[in-house]
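A.B. asks: Predicted model follows, preceded by the sequence.
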Number of protein chains: 2
Amino acid sequence: MTPTIADCTTWDAEDPLAFTRSRFRLPEGLIYLDGNSLGALPISTPARLAAVVEREWGHGLINSWNDAEWMALPARVGARIAGLIGADADEVVAADGTSVNLYKLAAAAVGLRPERRVVVSEPGNFPTDLYVLQGLCAAMDLDLRVLPPEAIPAALTEEVALLVLTHVHYKSGRIHDMAALTAAAQAVGALTLWDLCHSAGAMPVDLNGCNADFAIGCGYKYLNGGPGAPGYMMAARRHHAAMSQPLTGWIGHAAPFAFGDDYVPADGVSRLLTGTPAVLGLTALEEGLKTFEGVSMAAVREKTIRLGELFETLAREAMGAAFDLASPADARARGSQISLRHPHGYAIVQALIEAGVVGDFRAPDVARFGFTPLYLSYADVFEAGRRLKAVMNEEHWRAPRFSERRAVT
Amino acid sequence: MTPTIADCTTWDAEDPLAFTRSRFRLPEGLIYLDGNSLGALPISTPARLAAVVEREWGHGLINSWNDAEWMALPARVGARIAGLIGADADEVVAADGTSVNLYKLAAAAVGLRPERRVVVSEPGNFPTDLYVLQGLCAAMDLDLRVLPPEAIPAALTEEVALLVLTHVHYKSGRIHDMAALTAAAQAVGALTLWDLCHSAGAMPVDLNGCNADFAIGCGYKYLNGGPGAPGYMMAARRHHAAMSQPLTGWIGHAAPFAFGDDYVPADGVSRLLTGTPAVLGLTALEEGLKTFEGVSMAAVREKTIRLGELFETLAREAMGAAFDLASPADARARGSQISLRHPHGYAIVQALIEAGVVGDFRAPDVARFGFTPLYLSYADVFEAGRRLKAVMNEEHWRAPRFSERRAVT
């Protein structure tokens, strides 16, 4: 039986995560199902940024590198992220962006297996991952093998230096079995690098429990760090002493303020750093991460699954024969999103936006809806289903104004 | 004859750059001689950032990538920088940081000279430049030759792919002859990459007039972009079609939103981009660059020289026998800073900070004072000289609290 608004109201009243909604500022009446692309604005971020800009920069000026502890931001923000991804605090630093970080960590990983020349990934991975691996493999004369998931176990041979996979697929939401694939790679002596862009902050991630080697992720989706927020890098402690990466900037130096001519890597994960910390971006990311204080990731996962199943039921009803699920049918096998395939997916997403339900579109035909339990209620998702029904019933999305494509990250 | 405060007041009244002082917010009574390390806060930045955070991110959410033109930030900010460095608007993009950008552009440059395996730079260059070149040369099996400036012309042989120099030296302020060194490198078929961190925004820079190939620089010094602001990359148009760089992220792709599996570089300088634009940092940098609107760089240079000479005269008087200039004696041969060598340079800088004059210290013994004509008056520099005299006269700087070293970028 299709849930009613009364059911949703009851679930909201019992929701153990209801307390986090007030940590965000969202436009009145808008139902935001795109936190998987850009997280919502935390209520504390504007004041924190204003303090950093006006007091720390404007008044403290250069002394704020010490007095306001700007130099500690990469490690301090990294430690907060570590708590969400099953890593130790000193195994994660926040810096640069996902693509730059992938380059650095993949180079570090293959450097630990110098006698091996193969990197394995999968087609349809988030494009920047494949592009960066193409660039790295061309520069370092490595062999990039892009194989469908089912072919990966057999492709893990003793030639393979590194397996790079995205934990939760950006388009379908499909979850890879991190523990099994890590074990399979390590069984042949290969290393693993996990892209957590669509899983960190959306579901429990247990890097150390899976014995993962390296991971990267972005700050602007589930971590609520703001548009173009810095990303992060995780390296398991066992690799710290031997690893090196090619972008050897001064902030990764053992003694950056000695101004010596020769690079000497810092101890630990700090050697993954390159340039001067991006203070504004890191500050906003730190504020974004505070929205997770007191939050159980198990509760996040449970609510995500229930919100997704609720939306799936309502969308199936709203779309009838046009309903075509592009995500795994088993809710436990997908991350925090529901993706629907429709030949007019772009126009439908645009019509929904006009109706106050923000999802997004991924070429060629996927309408993608993300469920972020920290700021979405069951009643919100019920209302999104109602608006989707209206858009489909009225064939509202066929209006010409919705068909002109514009890019959105 | 030593100038008087009356002289300074007269010069301020005649100063063609006096109108820019109101574009900055500086603490009352503070004399800030460290804009060469972190530029002061532009008065318009807090409101602009608040609008980006609260309206564009908080209200516009994901649609602001289009509606607020976030995606255009790297090119739009790059075009503003181009105007300060003698490049065309479509030859510059703003992104990442100086160190990452140096890696990308140096790799692009050596890729244009594949038969040559030598990169030349100078010792005592800003450390991150040497560190990044060391990392690049190790990764790409290139030979890095670090030679004193006087040995560089003879070292420019047909083995050399790339000459990397910092236009104005971070510690001494010495200016390299960009036109002559570029011509010397090009005469043997080598390319040039100029680091403009200490010259862009501080003096006229004419990359195209010098026929320079590539340049990088940072956003947080003279460009007033805030702590850890993004940097920028300039590539002369003649290299656009052939150049490639290894950090091939999705924002450098010809069609990032087609989500294809294969990297195809964008046309033009956009192929130097890697990851999602850092919206907060780029916005602050754009605001910082607006402080140059209507400003003649020739007038900036003229005032810089006069402020520097004034300070030199006053410091010579204040320090007596202890005065030891670490910058070129000819004001036309140095950038916008005066550096003084003193065995207790660190303690003197700390004592001056307590007296409300902010300079900085560069190991092992250099006290560095920068002159930023957009927000410094002749009277400010006169007062800085007076306070330096007091600090030296009273041997105030010998107080133990000034001797504990702390790092400042």
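C.D. replies: Received, thanks.

A.B. asks: switch to C-alpha atoms for all contacts and neighbour counts from now on
C.D. replies: OK.

A.B. asks: So is the longest strand seen in chain A next to chain B?
C.D. replies: Longest strand in chain A by number of residues (criterion: DSSP state E): strand A:160-166. No: judged by C-alpha under 8 Å from any C-alpha of the partner chain, strand A:160-166 stays clear of chain B, getting no closer than 14.0 Å.

A.B. asks: what packs against that strand?
C.D. replies: Packing contacts for strand A:160-166, counted by 3 or more C-alpha pairs under 8 Å, 6 or more residues apart in numbering or on different chains; DSSP states H and E, involve helix A:98-111, strand A:118-121, strand A:191-195.

A.B. asks: Just after the shortest one, pick out the following helix or strand.
C.D. replies: With elements assigned by DSSP states H and E, the helix or strand that comes after strand A:118-121 is helix A:127-140.

A.B. asks: Could you verify that A:Ile338 is part of a strand?
C.D. replies: Yes: using DSSP: H, G, I helix; E, B strand; the rest coil, the assignment for A:Ile338 is a strand.

A.B. asks: and it, what does it touch?
C.D. replies: Contact partners of A:Ile338, counting by C-alpha atoms under 8 Å, 6 or more residues apart in numbering or on different chains, are A:172-173, A:308, A:311-312, A:325-327, A:368-370.

A.B. asks: so what's the nearest residue to A:Arg21 once chain neighbours are set aside scoring on pLDDT?
C.D. replies: The shortest distance from A:Arg21 to any non-neighbouring residue, by C-alpha to C-alpha, 6 or more residues apart in numbering or on different chains, is to A:Tyr375 (4.5 Å). Note on A:Tyr375: pLDDT of 97.

A.B. asks: I'd like the distance between A:Asp267 and chain B.
C.D. replies: Using C-alpha to the nearest C-alpha, to the nearest Å, A:Asp267 is found at 16 Å from chain B.

A.B. asks: That residue and A:Arg21: what is the separation?
C.D. replies: Here the criterion is C-alpha to C-alpha, to the nearest Å. By it, A:Asp267 lies 40 Å from A:Arg21.

A.B. asks: Comparing these two, which residue is more hemmed in?
C.D. replies: Set side by side, A:Asp267 and A:Arg21 show more neighbours around A:Arg21, with 17 against 13, by other C-alpha atoms under 10 Å in any protein chain shown.

A.B. asks: which neighbours does the helix or strand of chain A with the lowest mean pLDDT have in its sheet, and in what orientation?
C.D. replies: Across the helices and strands of chain A, the lowest-confidence element by mean pLDDT, DSSP states H and E is strand A:360-362, at a mean of 90. The strands that strand A:360-362 pairs with in its sheet are strand A:366-370 (antiparallel) (by DSSP bridges).

A.B. asks: Pull up the residues of the stretch 201-350 of chain A that are close to chain B.
C.D. replies: Counting by C-alpha under 8 Å from any C-alpha, the stretch 201-350 of chain A sits next to chain B at A:226-230, A:245-250, A:257-263, A:274-281.

A.B. asks: Check those residues for burial and list the buried ones.
C.D. replies: Applying 16 or more other C-alpha atoms under 10 Å in any protein chain shown to those, the neighbour count classes A:226-230, A:245-250, A:257, A:259-261, A:263, A:274-281 as buried.

A.B. asks: Report how many residues lie close to A:Gly217.
C.D. replies: Residues near A:Gly217, counting by other C-alpha under 10 Å, number 27.

A.B. asks: can you check the one 4 residues further on too?
C.D. replies: One way to gauge burial is a neighbour count; for A:Lys221, by other C-alpha under 10 Å, it gives 27.

A.B. asks: center of chain A, which residue is that?
C.D. replies: Compute the mean C-alpha point of chain A, and by C-alpha atoms, centre = their mean the closest residue is A:Cys197, 2.1 Å away.

A.B. asks: Which residues are in contact with A:Ala236?
C.D. replies: Residues near A:Ala236 by C-alpha under 8 Å, 6+ apart: A:87, A:91, A:208, A:212-214.

A.B. asks: In strands only, show me those residues.
C.D. replies: Those of the contacts of A:Ala236 mapping onto strands are A:Phe214, per DSSP E.

A.B. asks: Now that we have the contacts of A:Ala236, which of them are buried?
C.D. replies: Buried members of the contacts of A:Ala236, scored by 16+ other C-alpha under 10 Å, are A:87, A:91, A:208, A:212-214.

A.B. asks: and the gap between A:Leu223 and A:Gly217?
C.D. replies: Going from A:Leu223 to A:Gly217 by C-alpha to C-alpha gives 10 Å.

A.B. asks: Please identify every residue contacting each of these two.
C.D. replies: Joint contacts of A:Leu223 and A:Gly217 (C-alpha under 8 Å, 6+ apart) are A:Ala200.

A.B. asks: Would you map the helices across the stretch 151-300 of chain A?
C.D. replies: Applying DSSP state H, counting those that start in this stretch to the stretch 151-300 of chain A gives helices spanning A:152-155, A:178-187, A:279-290, A:297-319.

A.B. asks: The stretch 1-150 of chain A now?
C.D. replies: Secondary structure of the stretch 1-150 of chain A (DSSP H, counting those that start in this stretch): helices at A:5-14, A:45-50, A:64-67, A:73-85, A:98-111, A:127-140.

A.B. asks: any idea which of those is most buried?
C.D. replies: Highest mean neighbour count of the helices of the stretch 1-150 of chain A: helix A:98-111, a mean of 25 (counted as mean count of other C-alpha atoms under 10 Å in any protein chain shown).

A.B. asks: quick one: that helix near chain B?
C.D. replies: Yes: applying C-alpha under 8 Å from any C-alpha, one finds helix A:98-111 touching chain B at A:98-100, A:103.

A.B. asks: And those residues, which is closest to chain B?
C.D. replies: Top of the list for closeness to chain B, among those and by C-alpha to the nearest C-alpha, is A:Ser99 at 5.4 Å.

A.B. asks: check contacts around the closest one.
C.D. replies: For A:Ser99, the contacting residues are A:128-129, A:132, B:247, B:249, B:274-275, by C-alpha under 8 Å, 6+ apart.

A.B. asks: okay, the helices and strands packed on strand A:160-166 in CSV with mean pLDDT next?
C.D. replies: Below are those laid out as CSV (pLDDT from 0 to 100):
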stretch, mean pLDDT
helix A:98-111, 98
strand A:118-121, 98
strand A:191-195, 98
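
A.B. asks: okay, these in JSON lines with distance to A:Ser339 next?
C.D. replies: Listed next are the helices and strands packed on strand A:160-166 as JSON lines, based on distance: least, C-alpha to C-alpha, whole Å:
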{"stretch": "helix A:98-111", "distance to A:Ser339": "23"}
{"stretch": "strand A:118-121", "distance to A:Ser339": "22"}
{"stretch": "strand A:191-195", "distance to A:Ser339": "20"}
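
A.B. asks: tell me which residues of stretch A:374-391 are tucked away?
C.D. replies: Across stretch A:374-391, burial judged by 16+ other C-alpha under 10 Å covers A:374-385, A:387-391.

A.B. asks: how far away is A:Leu33 from A:Gly231?
C.D. replies: Note on A:Leu33: its distance to A:Gly231, by C-alpha to C-alpha, is 22 Å.

A.B. asks: A:Tyr346 too?
C.D. replies: 28 Å.

A.B. asks: more neighbours, those two?
C.D. replies: Counted by other C-alpha under 10 Å, A:Tyr346 and A:Gly231 do not tie: A:Gly231 has more neighbours, with 28 against 24.

A.B. asks: ok, the more buried one - contacts?
C.D. replies: By C-alpha under 8 Å, 6+ apart, the residues touching A:Gly231 are A:94-98, A:101, A:216-219.

A.B. asks: run the last query once more with 7 Å
C.D. replies: By C-alpha atoms under 7 Å, 6 or more residues apart in numbering or on different chains, the contact list for A:Gly231 reads A:94-98, A:217-219.

A.B. asks: Per-residue pLDDT of A:Ala407, please?
C.D. replies: As predicted, A:Ala407 sits at a pLDDT of 51.

A.B. asks: Show the contacting residues for A:Val119.
C.D. replies: A:143-145, A:160-163.

A.B. asks: and if you look at A:Ile43?
C.D. replies: Going by C-alpha under 7 Å, 6+ apart, A:Ile43 touches A:23-25.
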